[in-house]
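1. Provided below are the primary sequence and the corresponding predicted coordinates.
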Amino acid sequence: MSSHSSSRQSSANGRRNFIKQGAAVAAALSFPMIARAAPPVIRYASAGVVGPGELETVIFSDWFKANVLKRHGKEYVIETTTARGTPGVATLLAAEQADLGTLAFTSLATTIAQEAVPGGVTAIAEIHRDAVQGYASNPFVVLADSPVRTIADLKGKSVAVNAFNGSVDIILRIALQAHGLDPRKDVRVVEMPFGNIGPALRQKRIDVGVLAMPFQVDEAKKGGIRTVFDAVGVVPPYPVLFQSARTRFLKSQPAAVRAWLADYVDAQRWIYDPANRKQVVALTADLAKTPAASLDEYFLTAKDFYRDPNATISAASLQPPIDAMAKLGLLPKPVTIASYVDASYLPHRV
């Protein structure tokens, strides 16, 4: 072979070796990229109460994502949107524009009865509970000099709730029926935002009003009001708000949901750690646009709603108020809730 031919052969071998080496490098680089595929996205719809009313809105804030949620960005990514109340969340779930969301027993029962969500909806984790003795409830209040002393005295009076057929409206109706009053005939129920109820009461535009957090704390500090009743004793303890999911999403992304709920439970425990209280109050006050000093008076104390450390939810706690809805004629048909509650996605802890 001539020296010229040998040179061409050597050059060709060099090019082949370079191509092989380049391919090997490209393959080596591609495998880590495949292994680091983007985690599943969870589209979460909150009900529009930022901060203490919906603790999950604190937990999926940017600060918590960066500092507390160990699995976020690795096993799941949560993207959030805000709806107008739990009925708005139910609408987003039904339209498949959200995967998880915050519901109340009223919106869950209505959604199930109407078969609104394709493939169904499942309650998976509790947020906070009402009617727990020794903790906050939503009180129905009157002015201190009002003649209304008992539930029976509500006959002929005007009572303000935040939303017709909402959870506090249902509690009111249950209480009225238990005392022989017809919710449709014996009481005039009016609808107004929680923040307007206290001023309306003091201006005597209504006789009775229900106060949610933080308004009940603010109005109590002003004085001149007293509580007639709250949910304690009217119904057994029940979840006011809870996390629910499209059932199809649960089946398609079970690991992502479990990772989020593990982070949620871990974050709630971090929040309740006394060592973190000052920082939690400051972060929550900033989110809720409320003074930290006011929030510090009740948030995460016995003046606040009860929160289960493991966020456990059960069908037994949801069934009584849902049965009451059916009895009041607010559902097109009775709903047996057991098939629509699944706590197995929560971490099992003691």
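-> Yep, it's here.
2. Other residues contacting stretch 157-168?
-> 85, 104-106, 110, 130, 138, 140, 148, 169, 172, 187-194, 197, 200-201, 206-210, 212, 240, 321, 330 (Cβ atoms under 8 Å, 6 or more residues apart in numbering). Heads up, the C-betas are built off the backbone N, CA and C, glycines and all.
3. Which ones among those lie within helices?
-> 85, 105-106, 110, 169, 172, 194, 197, 200-201, 321 (DSSP state H).
4. As JSON lines, those with neighbour count, distance to Tyr264 and pLDDT would be great.
-> Converted to JSON lines, the ones in helices among the contacts of stretch 157-168 look like this (neighbours: other Cβ atoms under 10 Å; distance: Cβ to Cβ, whole Å; pLDDT from 0 to 100):
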{"residue": "Gly85", "neighbour count": "19", "distance to Tyr264": "21", "pLDDT": "86"}
{"residue": "Phe105", "neighbour count": "26", "distance to Tyr264": "20", "pLDDT": "95"}
{"residue": "Thr106", "neighbour count": "24", "distance to Tyr264": "23", "pLDDT": "94"}
{"residue": "Thr110", "neighbour count": "22", "distance to Tyr264": "25", "pLDDT": "95"}
{"residue": "Asp169", "neighbour count": "21", "distance to Tyr264": "28", "pLDDT": "92"}
{"residue": "Leu172", "neighbour count": "26", "distance to Tyr264": "31", "pLDDT": "96"}
{"residue": "Phe194", "neighbour count": "22", "distance to Tyr264": "25", "pLDDT": "91"}
{"residue": "Ile197", "neighbour count": "26", "distance to Tyr264": "31", "pLDDT": "97"}
{"residue": "Ala200", "neighbour count": "16", "distance to Tyr264": "36", "pLDDT": "98"}
{"residue": "Leu201", "neighbour count": "22", "distance to Tyr264": "36", "pLDDT": "98"}
{"residue": "Pro321", "neighbour count": "26", "distance to Tyr264": "24", "pLDDT": "93"}
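5. Could you single out the nearest of the residues you listed to Glu297?
-> Taking Cβ to Cβ as the measure, Glu297 lies nearest Phe194 of the ones in helices among the contacts of stretch 157-168, at 17.7 Å.
6. which SS class is the residue nearest the centre of the chain?
-> The residue lying closest to the centre of the chain (Cα atoms, centre = their mean) is Thr102, at 3.5 Å. Following DSSP: H, G, I helix; E, B strand; the rest coil, the label given to Thr102 is strand.
7. Just grab the bridge partners of it for me.
-> Counting by DSSP bridges, Thr102 is bridged to Gln243.
8. pretty sure it is touching Pro239, no?
-> No - the pair Thr102 / Pro239 is not scored as a contact, 10.7 Å apart, by Cβ atoms under 8 Å.
9. Now for these two: what residues contact both?
-> Joint contacts of Thr102 and Pro239 (Cβ under 8 Å, 6+ apart) are Ile127.
10. what bits of the stretch 1-150 of the chain have low per-residue confidence?
-> Low-confidence segments of the stretch 1-150 of the chain (pLDDT under 70): 1-36.
11. where exactly do the helices run in it?
-> Ranges of helices in the stretch 1-150 of the chain, per DSSP state H, counting those that start in this stretch, are 3-35, 55-59, 62-67, 85-94, 105-113.
12. and what of the stretch 251-350 of the chain?
-> Under DSSP H, counting those that start in this stretch, the stretch 251-350 of the chain gives helices at 254-272, 277-288, 292-296, 315-327.
13. what's the offset of the shortest one from the middle of its chain?
-> Mean-position distance between helix 292-296 and its chain equals 22 Å (Cα atoms, centre = their mean, to the nearest Å).
14. Does it pack against any helices or strands, and if so which?
-> Counting contacts by 3 or more Cβ pairs under 8 Å, 6 or more residues apart in numbering; DSSP states H and E, helix 292-296 is packed against helix 277-288.
15. swap the cut-off to 10 Å and go again
-> Applying 3 or more Cβ pairs under 10 Å, 6 or more residues apart in numbering; DSSP states H and E, one finds that helix 292-296 makes contact with helix 215-222, helix 277-288.
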